[in-house]
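Engineer: Could you look at this predicted model? Sequence included:
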Amino acid sequence: GQEFYQNMCMKAVNQCVGRAIRHVGDYAAIILVDTRYKSPAVRCKVAGWISKRLTAESPTQFGPCFGALAAFFRSKKEEQDKVEAQRREDAAKSE
């Protein structure tokens, strides 16, 4: 009984994450704030590309998750700013 419901839940989690990230250029923040994600029995049911990003240090409480989320989007903004600067530089050269 419990295993069936856990499998159904993890299938839904994997599908939702997959809808957020469709190809290599996409990025999204997926927040799994639940102590159950510390459990090997749950982690083994998360898609492989997700589970390899979950570490023992992955936060399971809101405060640390929020900090990690802010750092994630800061890094993405920095990457995007570099891309935009390069585009402007390339456009200026071609004029």
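Structural biologist: All right, it came through fine. As the structure is a computational prediction, the values presented were derived from the model and not from experiment. Numbers count the residues shown, from 1 in each chain.
Engineer: For stretch 21-34, give the mean pLDDT please.
Structural biologist: For stretch 21-34, mean pLDDT rounds to 77.
Engineer: Ends of that stretch, what's the gap?
Structural biologist: From the first residue to the last, stretch 21-34 extends over 21 Å; the measure is CA to CA, to the nearest Å.
Engineer: and what of stretch 9-29?
Structural biologist: Per CA to CA, the first residue of stretch 9-29 is 19 Å away from its last.
Engineer: cool, and stretch 19-33?
Structural biologist: Note: stretch 19-33 ends 19 Å apart using CA to CA.
Engineer: Show me what counts as buried in whatever helix or strand residue 63 lives in.
Structural biologist: Here residue 63 is covered by helix 62-94, with elements defined by DSSP states H and E. Neighbour-count burial for helix 62-94 flags residue 65 (criterion: 16 or more other CB atoms under 10 Å). Every residue, glycine included, has its C-beta placed from N, CA and C.
Engineer: same check, this time on stretch 38-45
Structural biologist: 42, 43, 45.
Engineer: any idea how far the residue nearest to the second one when sequence neighbours are not counted is from residue 38?
Structural biologist: By that I understand residue 43. In space, and not counting its chain neighbours, residue 43 is closest to residue 51: 5.3 Å by CB to CB, 6 or more residues apart in numbering. In this view, residue 51 and residue 38 are 12 Å apart by CB to CB, to the nearest Å.
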